[in-house]
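J.: Show me how the following folds:
(one chain, ligands or ions: 2)
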Amino acid sequence: MTASQDRAPVDVSLGLFDQDLLAACISCGFCLPACPTYQLTLDERSSPRGRITLMRAVDSGRLPADDPTVLEQSSYCLGCRACEPVCPAGVQYGALLEQWRDLTWSGARTPPVAAALRAGMRMTPALAAAGRVRGAARTTGRARGDGVQLMLGCVERSLFPGVSQAVTRLLPGIEVPSGQGCCGALHAHSGGSTEGHHLAERLGEALPGTILTTAGGCAAHLVNVLGRDRVHELSEHLVDVWSASEAPALTDVRVGGRRARVALQDSCHLRNGLGTSAQPRDLVARVADYVELPSAGACCGGAGTYSLLRPDDAAAVVAPKLDEVESLDLDYLVVVNPVCQRQLVTALRRRGSRVRVVHLAELLALALPT
Ligand code: SF4
Ligand code: SF4
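T.: Ligands and ions are numbered 1, 2, ... in the order given. Predicted coordinates for the structure are as follows:
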């Protein structure tokens, strides 16, 4: 029997989804234990398999796109893609979710917060001004060629300007072209996949070389649109270039006279979308005592716009992780994505935790000789 004969039939189709993607699920349920929303509810409808069943019902016209359960489950999904690496049929759930949200979050059904963020992130001059005001890395002018070019991002430039500053210390002389906008990941994940694709292409024109990004979510989106060759995520890039002869002499990051204890929170899209998880751990271990957070690979609840749209659900998702962080006697929790940074900074601060949340670039910059 061939792989295509194995697939469940999608009898009638309104053509709302890519048929090959939709047909790939064989309903085995292997993804259920990996899904955070299923783990919280034990409700089949809140699982990847249940959501694909809902997508099929919409695609065949058995349910309207604005059915309350369809709307709720498309929104409740974190988009973390933890269901992908465990799926024996290779279901591309992230791509299906983008198509689903294009249907459920279109027009008047777009959540106002998502619509406002999508509008704000398309204003390149405003992003540039925010970066200048906040003190992100200074741009070096228009892109000069096809070397490595630092992407400043939108959320990160505005909320965590120290990250790009740290990268310019780790990689002196790196080009930081002006005129860069948002990569469109936020749009693609919140009902605007066509615009998200277009913004990625536009960023690819502003940064025509190798795009270096410090955000796992942006990396996965840009790879999807521009291809693997054009995009380097920071940890991948540093491990590559420092395995040559360019590694700086890093010192230990120390706290209270001892080597710092540091854990990592994976970026879902970096780990589940691009398969990158060893490199950030390797880099942390070069400068500190690395401690594996048991739930490092599980979503923190930040999830793009999720923590803004569904703060109670985001809090429920992150709660067990906060208990773990507190139990490990950590000094730092390292992140590789700005939305995770915002979510964990906020959640740990609310708990009065002494653990500092920093981006990998910021931790490594602390280890540079002064
Ligand atoms: S593991 Fe894959 S094939 Fe199996 S139910 Fe989940 S999405 Fe479908
Ligand atoms: S993306 Fe995450 S929350 Fe959504 S179905 Fe997959 S595992 Fe569950």
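J.: Would you confirm that residue 99 contacts residue 193?
T.: Yes: at 7.1 Å, residue 99 counts as touching residue 193 under the criterion of Cβ atoms under 8 Å. No exception for glycine: its C-beta is placed from N, CA and C like everyone else's.
J.: Okay, now stretch 180-188: how far is its last residue from its first?
T.: Stretch 180-188 has its terminal residues 18 Å apart, counting by Cα to Cα, to the nearest Å.
J.: Skip the chain neighbours and tell me the closest residue to residue 189.
T.: residue 304 (4.7 Å; Cβ to Cβ, 6 or more residues apart in numbering).
J.: The one you found: how many residues sit nearby?
T.: Look at residue 304: counted by other Cβ atoms under 10 Å, it has 24 neighbours.
J.: how close does the spatially most central residue of the chain get to residue 299?
T.: In the chain, the centroid-proximal residue (Cα atoms, centre = their mean) is residue 217; its distance is 2.6 Å. To residue 299, residue 217 is 11 Å away according to Cβ to Cβ, to the nearest Å.
J.: so what's in contact with the two at the same time?
T.: Here residue 217 and residue 299 have residue 268 as joint contacts, going by Cβ atoms under 8 Å, 6 or more residues apart in numbering.
J.: Spell out which residues sit in contact with the closest residue to ligand 1 within the stretch 201-350 of the chain, please.
T.: When distances are taken as Cβ to the nearest ligand atom, the stretch 201-350 of the chain reaches nearest to ligand 1 at residue 272, 12.8 Å away. Residue 272 makes contact with 80, 81, 82, 84, 85, 297, according to Cβ under 8 Å, 6+ apart.
J.: all strands in the chain, in order from the N-terminus.
T.: 148-150, 210-213, 231-233, 254-255, 258-259, 261-265, 289-291, 332-335, 356-359 (DSSP state E).
J.: will you turn those strands into TSV that also has mean pLDDT?
T.: Listed next are those as TSV, based on pLDDT from 0 to 100:
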stretch	mean pLDDT
strand 148-150	95
strand 210-213	96
strand 231-233	97
strand 254-255	95
strand 258-259	96
strand 261-265	98
strand 289-291	98
strand 332-335	98
strand 356-359	98
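J.: Residue 217 contacts residue 271, doesn't it?
T.: No: with contact defined as Cβ under 8 Å, residue 217 does not reach residue 271; the gap is 11.0 Å.
J.: And the closest residue in space to residue 192 that isn't next to it in sequence, how close does it get to ligand 1?
T.: Distance criterion Cβ to Cβ, 6+ apart; nearest residue to residue 192, sequence neighbours excluded, is residue 118 at 5.5 Å. Applying Cβ to the nearest ligand atom, to the nearest Å, the value for residue 118 to ligand 1 is 28 Å.
J.: Tell me, how many residues neighbour the residue of the stretch 101-250 of the chain found nearest ligand 2?
T.: Residue nearest to ligand 2 within the stretch 101-250 of the chain (Cβ to the nearest ligand atom): residue 189, separated by 10.3 Å. Neighbours of residue 189 under the rule other Cβ under 10 Å: 24.
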